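1. turn this into a structure:
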Amino acid sequence: MNTNKVTAANEQVVRVQNGWAMLVLLIAAVLADIGLMVFSIKDGVETTGQPHVGLMLLSALALGVLIILMTGLFTLQPNQARVLVLFGAYKGTVRTPGFHWGNPFYSNGPQQAASWRANLVAAKMGANSTAGQRPLGRNKISLRARTLNGDKLKVNDKRGNPIEIAAVVVWRVEDSAQAMFDVDNYENYVPIQSESALRHLASLYAYDHSEEDTEITLRSNVDDVSKSLRDELQERLSKAGVVVDEARLTHLAYAPEIAQAMLRRQQAEAVIAARSKIVQGAVSMVDMALKELAEKHVVQLDDERRAAMVSNLMVVLCGESEVHPVVNTGTLYS
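-> Here you go, the predicted structure:
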């Protein structure tokens with residue numbers, strides 16, 4: 001049984017040589033090497049009639065070494081980092097912006113190779129790059145905040161209703177070592193995990209309240225839902241060294257096949273709620289009118305006349321059209 005356990009990489013910030021100082025030193029060394037080559041040719045011809053072969057070989061070898069050393073020069077912009085990988089071993093991360101020099105044998109790591117492979121496959125298929133941008137090269141990683149505007153997804157909510165949902169995620173790389181070594185390609189890892197988290201979130205909440213429910217819903221509790229989405233995304237993306245600054249829903253609607261039915265349901269619920277308010281108000285006004293008439297002794301009403309008055313007032317107060325009174329010249333009992 002395999003008992004090997006994969007451990008997470010931890011970023012180690014290191015400092016490298018100043019690029020300007022190394023550039024001056026390398027230029028001086030190149031000039032000195034050229035001078036040595038000229039001296040070996042000139043002095044050899046003047047003294048022995050042929051150049052000094054040993055010095056020429058030494059100067060040629062030194063020139064090749066100096067050219068290789070010059071490839072160790074690199075620059076970093078603000079909010080950029082470079083991961084140093086030497087013969088497969090992680091040596092640290094440079095975060096200081098400016099002009100630097102490092103070991104020229106620091107190689108391109110797995111993250112860079114994965115980006116190149118993805119771009120190559122996308123180019124062959126005639127599609128856009130999966131990373132969405134040109135690779136920085138030389139194991140450079142952008143530490144700037146990035147925005148992922150997710151596509152609309154068709155999922156089922158807690159009650160099984162098909163809905164359309166989309167979210168925007170603001171994220172950035174915090175641990176360059178985890179981003180480089182713990183996942184194959186963090187730029188592909190983020191959108192895939194974001195889509196998975198959004199689908200899972202939609203299945204945990206209903207689209208909207210039903211009757212007397214007071215549970216959290218996608219439509220009515222946007223802040224709570226966004227916080228839950230951010231927490232779940234942070235849990236999923238932490239293994240890639242990514243920090244989620246913000247996650248928020250940008251689109252929420254019923255799927256087209258049930259949109260009309262749900263709209264009629266919402267309209268019916270609104271009508272019922274409005275009618276309920278009207279009836280409650282009408283009952284209160286009728287009760288107030290009867291109490292005022294009784295307290296001020298305006299008229300004495302028996303049960304039958306009181307019932308008739310209540311019926312007439314309820315019709316007047318609850319009716320949607322204008323009421324036209326009918327004058328009764330007789331009595332209630334005739």
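
2. outline the domain layout of this structure.
-> 17-107, 142-254, 259-318 (automatic domain parsing).

3. what mean pLDDT does the shortest one have?
-> Translated: domain 259-318. Computed over domain 259-318, the mean pLDDT rounds to 73.

4. which one of the domains of the chain has the lowest average pLDDT?
-> Among those, domain 259-318 scores lowest, with a mean of 73.

5. could you pull out the strands in the stretch 51-200 of the chain for me?
-> 73-76, 80-86, 89-94, 98-101, 140-142, 146-149, 153-156, 162-173 (DSSP state E, counting those that start in this stretch).

6. and the next helix or strand past the longest helix seen in the chain?
-> Determined from DSSP state H, the single longest helix within the chain is helix 256-295. Counting by DSSP states H and E, the next helix or strand C-terminal to helix 256-295 is helix 303-318.

7. tell me which of the strands of the stretch 51-200 of the chain lies nearest to residue 9.
-> For those, proximity to residue 9 was assessed by CB to CB; strand 89-94 is nearest, at 6.6 Å. Using the backbone N, CA and C atoms, a C-beta is placed for each residue, glycine as well.

8. please name every helix or strand in contact with the closest one.
-> Packing partners of strand 89-94 (3 or more CB pairs under 8 Å, 6 or more residues apart in numbering; DSSP states H and E): strand 80-86, helix 176-181.

9. could you export the ones you listed as JSON lines, including distance to residue 310?
-> What follows is the helices and strands packed on strand 89-94, written out as JSON lines (distance: least, CB to CB, whole Å):
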{"stretch": "strand 80-86", "distance to residue 310": "79"}
{"stretch": "helix 176-181", "distance to residue 310": "74"}
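
10. and the closest residue to residue 239 other than its chain neighbours, its phi and psi?
-> Of all residues not flanking residue 239 in the chain, residue 182 sits nearest, at 5.7 Å (CB to CB, 6 or more residues apart in numbering). With angles defined as degrees, to the nearest 10, residue 182 sits at phi -90, psi -20.

11. pretty sure residue 182 contacts residue 237?
-> No: using CB atoms under 8 Å, residue 182 makes no contact with residue 237, being 10.9 Å away.

12. what is residue 254 paired to in the beta sheet?
-> Listed by DSSP bridges, the beta-bridge partners for residue 254 are residue 163.
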